[in-house]
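Student: generate coordinates for the sequence data below:
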Amino acid sequence: MDHSKQFKKLSIIIPAYNEARTLREIIRRVQAVQLTGLEKEVIVVDNGSIDDTPLILKSLSGIRVLTLNPNRGKGGAVKAGFTAATGDILIIQDADLEYEPNDYPAVIRPILEGKTEVTVGIRINPSMESRSNKSLYWLSWFGNKMITWTTNLLYGNKAGEYEGCYKAFTKELISQITVRTDDFDFDNELICKILKKGYKTVDVPIHYYPRSYQEGKKINWKHGFKILWTIIKYRFIN
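Tutor: Residues are numbered from 1 along each chain as shown. Take a look at the predicted model:
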């Protein structure tokens, strides 16, 4: 990549489906992040929400809102955000409070330093107490290990994991990739196609505070099987 490239803006893409409970707070945290020398663009994609999410978004300033009706899936929402983004660097932010926006500077640093065009957030393990209180934590942990092992084996990469929310990309790289899925396997198809093009990811440790299904978590074990199939499929087809 061009090490002399000057990055001017970070676009933060927040897909939101029925996230009224946490939306104000996550946007407050995102807007509070200090980025030296970078403009910040916050794009919230209201993905067919039927709770108070649309009303809350109307009451907030300093954000761009995209409205999708009907719901297009998480991947469809991220795609819409990527297409609308005007930043040089793109990052995905879930609308819940599982992830810490203050990690942004660390996540984008390898891109700013010209070391890579894509970084992957590696979750710092939550406390034993928070694990034991969350639905199916250990099952998802095992599924995550399988996804990581399969991706690294098939694509010759060495990432510590792929299922953390925070991934950052140059807009230039994203513009080269066509992702077909609109589901939770969006990130996986995107990463697999990036790896097939010969790019390598850089791991960055990120904080993680898992929420339960009662608190609104949406991804489940069925998505895990779909993700594994996506990883295997795109190794052999385009």
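Student: the lengthiest helix in the chain: which residues count as buried?
Tutor: The longest helix of the chain (DSSP state H) is helix 137-155. Neighbour-count burial for helix 137-155, counted by 16 or more other Cβ atoms under 10 Å, picks out 140, 143-144, 147-148, 150-152, 154-155. Using the backbone N, CA and C atoms, a C-beta is placed for each residue, glycine as well.
Student: what helices and strands are in contact with that helix?
Tutor: Counting contacts by 3 or more Cβ pairs under 8 Å, 6 or more residues apart in numbering; DSSP states H and E, helix 137-155 packs against helix 186-196, helix 221-236.
Student: can I get those in a markdown table with mean neighbour count and mean pLDDT?
Tutor: Converted to a markdown table, these look like this (neighbours: other Cβ atoms under 10 Å; pLDDT from 0 to 100):
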| stretch | mean neighbour count | mean pLDDT |
| --- | --- | --- |
| helix 186-196 | 22 | 97 |
| helix 221-236 | 16 | 88 |
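Student: would TSV of the ones you listed with distance to residue 85 be doable?
Tutor: Shown next, in TSV, are the helices and strands packed on helix 137-155 (distance: least, Cβ to Cβ, whole Å):
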stretch	distance to residue 85
helix 186-196	14
helix 221-236	23
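Student: out of these, which gets nearest to residue 48?
Tutor: When the helices and strands packed on helix 137-155 are compared by Cβ to Cβ, helix 186-196 sits nearest residue 48, at 16.2 Å.
Student: quick one: that closest one to helix 137-155, angle?
Tutor: Interaxial angle, helix 186-196 versus helix 137-155 (axes from the mean of the first three to the mean of the last three Cα atoms, to 10 degrees): 20 degrees.
Student: dump helix 186-196 to PDB, restricted to CA.
Tutor: Output in PDB follows, covering the C-alpha atoms of helix 186-196 (Å, rounded to 0.1, in the frame of the first residue of the first chain):
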ATOM      1  CA  PHE A 186     -21.100 -10.400   5.900                       C
ATOM      2  CA  ASP A 187     -17.800  -9.800   7.700                       C
ATOM      3  CA  ASN A 188     -16.600 -13.300   7.000                       C
ATOM      4  CA  GLU A 189     -17.300 -13.200   3.200                       C
ATOM      5  CA  LEU A 190     -15.600  -9.700   3.100                       C
ATOM      6  CA  ILE A 191     -12.500 -10.900   5.000                       C
ATOM      7  CA  CYS A 192     -12.200 -14.100   3.000                       C
ATOM      8  CA  LYS A 193     -12.300 -12.100  -0.300                       C
ATOM      9  CA  ILE A 194      -9.800  -9.700   1.000                       C
ATOM     10  CA  LEU A 195      -7.400 -12.500   2.000                       C
ATOM     11  CA  LYS A 196      -7.900 -14.100  -1.400                       C
END
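Student: list the helices and strands it packs on?
Tutor: helix 73-84, strand 118-123, helix 137-155, strand 167-170, helix 221-236.
Student: and the closest residue to residue 39 other than its chain neighbours, how many residues sit next to it?
Tutor: In space, and not counting its chain neighbours, residue 39 is closest to residue 9: 4.2 Å by Cβ to Cβ, 6 or more residues apart in numbering. Residue 9: 16 surrounding residues under other Cβ atoms under 10 Å.
Student: between the helices and strands packed on helix 137-155, which one is closest to residue 170.
Tutor: So among those, helix 186-196 is nearest, using Cβ to Cβ, at 10.6 Å.
Student: any buried residues in stretch 14-26, and which?
Tutor: 14-23, 26.
Student: between the two ends of it, how far is it?
Tutor: 9 Å (Cα to Cα, to the nearest Å).
Student: thanks a lot, see you next time.
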